[in-house]
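K.L.:
Mind looking at a prediction? Sequence and model below.
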Amino acid sequence: MYKVALLGRTNVGKSSLFNRLIGRRQAIVEDTPGVTRDRHYAILDSEGKRILLIDTGGFFGEEQGLEAQIAQQVRFAVEEADLLLWVVDASVGLVPADEEFGVWLRRHRSPYQPLWLIVNKADNPLRAQVALEFHRLGVEPIYTVSAATGHGIPTLKEALFTHAKTPAEPLRDYPRFALIGRPNVGKSSLLNALLQAPRAIVSDIPGTTRDSLYELTEWNQRQFYWVDTAGLRRKSKIPALSLERYAALRSLEALTIADVVLLVIDATEALTAQDMTLLRRAEELGRGMVLLLNKSDLLKQAERERLLSWAQAKVRPLDPVPILLVSALTGRGVEEIPAAAFQVYDAGRQELTTRQLNDFLLPILRQYPHPLTGSVQPSVRFIQQVGTSPPRFLLRVRHADKLRQAYLHFVEKQIRKIFPFAGWRLQFQLREAE
């Protein structure tokens, strides 16, 4: 996938620009310099082209401590990006920190790597005039934009997609199934068992896998990618300025672009807090989910049954979600994994007609109305599916601001009676009924 990185000194509006380009608030935005420390990823889509957009921390300089860590993340972004967007601030003009960053960038950037200058906060004619002084940096082309107002954003997006090339790997037309989990739970061993070949390095030492591994394969005449990733520990336990920090960020990138996430769990340890964190992260990103309880050959039958029941209770909001007892060592359950991944992938692409939804749901919702909230009674008047992968639904509701979350869960259960959407968390958008 074509990668575009936003770079620059602190407080020039990179995260605001990132949010404006992707059309939602994903990166944290504050006036305090240094809010963004690690990289953030998001995908831009347009007419069959996809761009992976990377937001980076504001560059302080290569000092010690936090500043050095942020500089390292900026270096990683420069190394992996196909196009660099250097963001500067029209509200203050050209400052020495911009020129210092330019010196650093020339030192770390490939001479063949495209570099564009983005003059942000150019939201009035005076600031647009100030933008002319940035020509001194010797970078072209220059785009004047305003993340706050949207000025110049359509032109910039059009230029990005015109410039983006179709990557050779991974092919965007094939599904991507990412094996995610804590270190040493057996992800690489599972990949080798699935491929029936020693494709990934396997070791008892946590952190052996450092980069995401894409392996094109086929199941039932359907081509797809297995994606093996580095083990993810809690961020507080990952040493700063380490290869593990880089590997973790690449794993999170793989999670961002995956179609279905296969969370690999050590069956002998069951679900840990970090397993639940990864589960919720995949859920927040709107990814389909399969749970693989690896090393299940080490459990007795009664223990397996208890583990399955416990895991099902933990992932109830995604119910039904495929949960497989597998063993990379013995091959137990491995042949079921591709079928489960495609079951979730296909479920995420399912579209229910508006007539199906309303003919089935509205009589039930009239029979079981929302309880009174004070003197008003919220009611769902119309529902339609407005998106897939993840499944998204628009509800037109009287007194939408009073609708309780518990009643929304009730609506979700009724939708799943029409189609279960296995492995997906349904997303809802409420709009006031006329």
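P.N.:
Received the coordinates, thanks.
K.L.:
Is the closest residue to residue 139 other than its chain neighbours inside a helix or a strand, and which specific one?
P.N.:
Leaving aside its sequence neighbours, residue 139 sits nearest to residue 117 (Cβ to Cβ, 6 or more residues apart in numbering; 4.2 Å). All C-beta spots, glycine's among them, are computed from the backbone N, C-alpha and C. Secondary-structure assignment from DSSP states H and E places residue 117 in strand 115-120.
K.L.:
try residue 41
P.N.:
In this structure, residue 41 sits in strand 40-46 according to DSSP H and E.
K.L.:
contacts for that strand?
P.N.:
Here strand 40-46 makes contact (Cβ atoms under 8 Å, 6 or more residues apart in numbering) with 1, 15, 18, 21-22, 26-27, 50-55, 157, 160-161, 252-253, 256-257.
K.L.:
which ones among the residues you listed are found in strands?
P.N.:
Residues of these located in strands (DSSP state E): 50, 51, 52, 53, 54, 55.
K.L.:
Would you agree the fifth one is in contact with residue 77?
P.N.:
So the one you mean is residue 54. Yes. With contact defined as Cβ atoms under 8 Å, residue 54 counts as touching residue 77 (5.2 Å).
K.L.:
So for those two, which sits in the more crowded spot?
P.N.:
Using other Cβ atoms under 10 Å as the criterion, residue 54 and residue 77 rank with residue 54 on top: 25 against 21.
K.L.:
which residues touch that one?
P.N.:
By Cβ under 8 Å, 6+ apart, the contact set of residue 54 is 3, 4, 5, 6, 39, 40, 41, 77, 80, 81.
K.L.:
Now render these as CSV, adding pLDDT and distance to residue 323.
P.N.:
Listed next are these as CSV, based on pLDDT from 0 to 100; distance: Cβ to Cβ, whole Å:
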residue, pLDDT, distance to residue 323
3, 87, 34
4, 91, 37
5, 90, 38
6, 91, 39
39, 58, 32
40, 68, 30
41, 73, 28
77, 79, 36
80, 80, 34
81, 86, 38
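K.L.:
and which of those residues is nearest residue 227?
P.N.:
Lowest distance from residue 227 to the contacts of residue 54 (Cβ to Cβ) belongs to residue 41, with 14.2 Å.
K.L.:
Check the gap between the residue nearest to the closest one when sequence neighbours are not counted and residue 126 for me.
P.N.:
Leaving out its chain neighbours, the residue that sits closest to residue 41 by Cβ to Cβ, 6+ apart is residue 256, at 4.5 Å. Distance of residue 256 to residue 126, computed by Cβ to Cβ, to the nearest Å: 39 Å.
K.L.:
So these two - more neighbours on which side?
P.N.:
Neighbours were counted for residue 256 and for residue 126 using other Cβ under 10 Å; residue 256 has more, 18 against 10.
K.L.:
Residue 176 reaches residue 256, doesn't it?
P.N.:
No. Residue 176 is beyond contact range of residue 256, at 10.4 Å (criterion: Cβ under 8 Å).
K.L.:
Please, where are all the helices along this structure?
P.N.:
Listed in chain order, the helices of the chain (DSSP state H) span 14-22, 66-80, 96-108, 125-130, 153-163, 187-195, 243-257, 273-284, 301-314, 337-348, 354-367, 405-418.
K.L.:
Go through those helices and name the closest to residue 374.
P.N.:
Ranking these by their distance to residue 374 (criterion: Cβ to Cβ) puts helix 405-418 first, at 15.1 Å.
K.L.:
what's the residue closest to the geometric middle of the chain?
P.N.:
Centroid-nearest residue in the chain: residue 256, 2.9 Å away (criterion: Cα atoms, centre = their mean).
K.L.:
what about it, distance to residue 139?
P.N.:
28 Å.
K.L.:
now the residue lying closest to residue 152 once chain neighbours are set aside: how far from residue 414?
P.N.:
Computed as Cβ to Cβ, 6+ apart, the closest residue to residue 152 that is not its neighbour in sequence is residue 145, at 3.5 Å. Residue 145 sits 45 Å away from residue 414 when distances are taken as Cβ to Cβ.
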